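**Q** quick one, fold the following:
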Amino acid sequence: MDALFYVVPCLILAGVLFVGYRVTRRSGEIRAAWNSGLTAEGRCLRTFTTTYGNGRDQVRTMLHHVYEFTARDGRVVRFEEEGGPATTVEGDIVTVHYAEGARIVATARRPSRAGLAASTVGVLAILGVVAAICVGFMITYHDMSSEFPFGDDTTESVTIEGS
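**A** Predicted structure coming up:
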């Protein structure tokens with residue numbers, strides 16, 4: 001039973017580390033696309049939304065865009081991006097910033113280095129708080145369980161004087 005109080009926080013920590021890795025990686029990809037100086041004219045092929053939540057009072061939607069452009073080397077690249085502007089609809093022409101390589105990384109977001117840095121730091125800060133809570137919980141549980149052993153089979157005998 002004690003393992004449960006270590007396994008669950010460790011699973012949460014693993015999830016936090018994975019999300020932190022993904023956020024940092026995507027931030028680096030967007031920054032690389034902006035810093036490369038390569039742009040192309042792209043077209044919005046499709047827009048759609050995804051919904052998530054508990055299905056009752058906490059439903060959130062995320063707007064997605066699917067873009068296509070032709071890179072400098074002639075490759076036709078199609079990519080999907082979350083959270084773009086709601087004013088971009090199918091058929092719109094957009095400026096795509098991209099970085100070349102074996103796998104082309106692209107974004108249709110306008111360069112906003114401060115905004116990207118702020119959002120990345122904000123998400124990482126929240127993830128850091130969650131990680132600190134998990135580690136704090138495990139340390140506190142360990143200290144409490146070593147100070148007051150739960151489930152020990154030791155019984156203390158109590159003697160009442162005067163009986």
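**Q** tell me which residues of the longest strand anywhere in the chain are tucked away?
**A** Assignment by DSSP state E gives strand 38-53 as the longest strand of the chain. Across strand 38-53, burial judged by 16 or more other CB atoms under 10 Å covers 38, 40, 42, 44. Where C-beta positions appear, they are placed from N, C-alpha and C, glycine not excepted.
**Q** cool, stretch 14-24 as well?
**A** Buried residues in stretch 14-24, counting neighbours by 16+ other CB under 10 Å, are found at 16, 20, 23.
**Q** pretty sure the last one sits against residue 120.
**A** Yes: taking CB atoms under 8 Å as the definition, residue 23 is a contact partner of residue 120 at 6.1 Å.
**Q** secondary structure element for the residue nearest the centre of the chain?
**A** Centroid-nearest residue in the chain: residue 19, 3.7 Å away (criterion: CA atoms, centre = their mean). According to DSSP states H and E, residue 19 maps onto helix 4-36.
**Q** ok, now residue 65?
**A** Residue-wise, residue 65 maps onto strand 59-70 under DSSP H and E.
**Q** before we move on, what about residue 86?
**A** Assigned by DSSP H and E, residue 86 falls outside every helix and strand.
**Q** from residue 136, how far out is the nearest residue to it once chain neighbours are set aside?
**A** Once flanking residues are discounted, residue 86 sits nearest to residue 63: 6.0 Å by CB to CB, 6 or more residues apart in numbering. Relative to residue 136, residue 63 is positioned 36 Å away (CB to CB, to the nearest Å).
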